[in-house]
Structure formats: structure tokens, C-alpha cells
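Enquirer: Got a predicted structure plus its sequence, pasted below:
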Amino acid sequence: MLDIKQDARNFACRVVDLKKEYVLKSETVRALRGVSFDVPEGDYVAIMGPSGSGKSTLLNMLGCLDQPTSGSLWLGGDDVATMNDNQLATIRSQRIGFVFQSYNLIQQLTVVENIQVPLFYQGRSLTREQNKRTYELAKMVGLGERLDHRPTQLSGGQQQRVAIARSLVNNPYFILADEPTGNLDSRTSEEILQLFERLNVEGKTIILVTHEDEVSKRAKRVVRLKDGRLQWDKTNTQEVRDAAAQYAIDNMPVEA
Ligand SMILES: Nc1ncnc2c1ncn2[C@@H]1O[C@H](COP(=O)(O)OP(=O)(O)OP(=O)(O)O)[C@@H](O)[C@H]1O
Ligand SMILES: [Mg+2]
């Protein structure tokens, strides 16, 4: 048999026959009915599918927010499907980066402090190295001049860039993004998609959920769910990706 544990090390994650059932009083909802796919390191995956198809459920499993009912989910050399809540919380704080549609920043904290939040969940005080890294991340996402600003003093796009920097601070297996451009106008969405593209070129693995074809075309690959199953898994050619990027630029509204 293939040594999946050994092999899993070259992947950001491996999902094997993953099932999730929600047991309610009146019925059992089978949100994922056996989903399998691999995400090699450096991949950029868009997860699509109709409402109720299991996208958020899958993202919750990948983000170690919830336990699957059965199947395996390999992150690095570990099958997190077998882990308990405490073990999942540890993985989450140490190796998962989240980006949400609504940014989820802490209003009282500055840009730099928001980027540091995942490190505080690790329960240790910051090392000099970690402190330095938060400043570097702020600069990397273009917020070097806004280090002491609070979220209310930032535009939506700037807030999402803080969230992206925050998602990278714990050197995650991948960035998990749920509709990251859902709240943004087309110009700002484009900025965020270009930032993802740059991070991916630099080697970061990205997994995002989107309802928008134009966003999914920017990824390297599209995984589509339907009724809790994987309906298809396609690679976007470089031509498709380039054309989508060009289309976004050509259709940019004129600046007010
Ligand atoms: N906590 C829960 N308890 C019971 N059922 C749930 C729970 N979470 C999700 N479900 C059900 O599981 C199925 C998949 O839901 P999920 O939220 O993953 O869909 P989705 O693809 O993210 O949809 P959307 O595009 O609307 O966000 C749905 O039928 C949903 O009602
Ligand atoms: Mg959802």
C-alpha cells in the first residue's frame, strides 16, 4: 500500500474520502459524502459549488475548526481527522491562516497588533524574531505606513490586507480564504487578487471559496462540489488565468 503518511509531507494537505454528517434530532445531514483531493505545496485552489454543497463544511475541516465524521485529512505528516478538539486547536494556532469575507479584525488593536493575534493564541510571549516578522508582513502587504492605524481608520481593502498578513504570521500550511473579495468593490477585489497571486508566486499555498467565476479563473485549479461530493477538479491553463486578469483590468470602473 502507498505510504500516505510519508507521502503527505510533500503536500499542503491530502483529503481522503472525507465525510461529515451533522446529526440533528429529526434527521442526519450528510454535508460531505466522501471527498478526496490533494493540494500540492504551492497550489492555488478555488472551491466552488452551489449553496449547501459543502464548501464551508470542507473549509472548516481544512481549518481544523471541526472534526470530520470519517476519512483522513493529512496536514504535513499528521492525520488531523483523528485528533481531538485540543489537538486541533493547537494545529490551528500554529499552522493555519484564515482570511474571511468580513476581515474579522479586532477594532481596538492596531495593524501590527492585529497581525500578531495568532501568535498570542500560541500562549507564549513574542520573540524578537516574531515581532520583526509582523512588521515585515505589514510592509509586504503595503501597510508599512499604517502600522499604528486601527481598523476603522482603514479602507476595506486595507483591512483585508491586514487579515492576509495576519494569516501568514504563523507560517501556515496554507491560506484558507472564505469569499475574501465578497465585501469589496471591483478595484479593491483586484488588488487583493493580485496580492494572492504574488504570494502564490512566492510559494504560498492558497485555498479559497468563491461564488464568482472570474475569481475562480485566477486560481491554478478549481474544485467544484455538488451535494457534498466532488463534482469536478480542473486545472486552469495559464491562458485562462492571464485572460481573467486582463479582463479584470479592462473592465475596471473609471476612478471617481
Ligand atoms: N452546523 C450544522 N448543523 C447542521 N447542518 C449543517 C451545519 N452546517 C452546515 N449544515 C448543512 O450542511 C450542508 C452543507 O452546508 P455548507 O455550509 O457547507 O454549504 P456551502 O456550500 O458553504 O453553502 P453556501 O454557499 O450557502 O455558503 C447544508 O445542507 C447545510 O444546511
Ligand atoms: Mg458557505
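Expert: On my side now, so go ahead. Numbers count the residues shown, from 1 in each chain. Ligands and ions are numbered 1, 2, ... in the order given.
Enquirer: secondary structure class for the residue lying farthest from the centre of the chain?
Expert: Farthest-out residue of the chain from its mean C-alpha position, per C-alpha atoms, centre = their mean: Ser26, at 33.1 Å. The three-state label given to Ser26 by DSSP: H, G, I helix; E, B strand; the rest coil is coil.
Enquirer: What is the neighbour count of the closest residue to Asp85 other than its chain neighbours?
Expert: Excluding the flanking residues, the one nearest Asp85 by C-beta to C-beta, 6 or more residues apart in numbering is Gln67, at 7.6 Å. Just so you know, the C-beta spots here come from the backbone N, C-alpha and C atoms, and that holds for glycine as well. As a burial measure, Gln67 scores 17 neighbours (other C-beta atoms under 10 Å).
Enquirer: got the contact list for Gln67?
Expert: If a contact means C-beta atoms under 8 Å, 6 or more residues apart in numbering, then Gln67 has Met61, Ala81, Met83, Asn84, Asp85, Leu88 as its contacts.
Enquirer: how about the residues of the stretch 1-150 of the chain near ligand 1?
Expert: Neighbours of ligand 1 within the stretch 1-150 of the chain, by C-beta under 6 Å from any ligand atom: Tyr22, Leu24, Val29, Ala31, Gly49, Ser51, Gly52, Ser53, Gly54, Lys55, Ser56, Thr57.
Enquirer: Dihedrals phi and psi, the last one?
Expert: By that I understand Thr57. Dihedral angles of Thr57 (phi, psi; degrees, to the nearest 10) stand at phi -60, psi -50.
Enquirer: Near it, how many other residues are there?
Expert: Residues lying near Thr57 (other C-beta under 10 Å) number 22.
Enquirer: This structure: helices as residue ranges?
Expert: Counting by DSSP state H, the chain has helices at residues 4-7, 55-62, 85-95, 111-121, 128-140, 156-168, 186-201, 213-216, 238-250.
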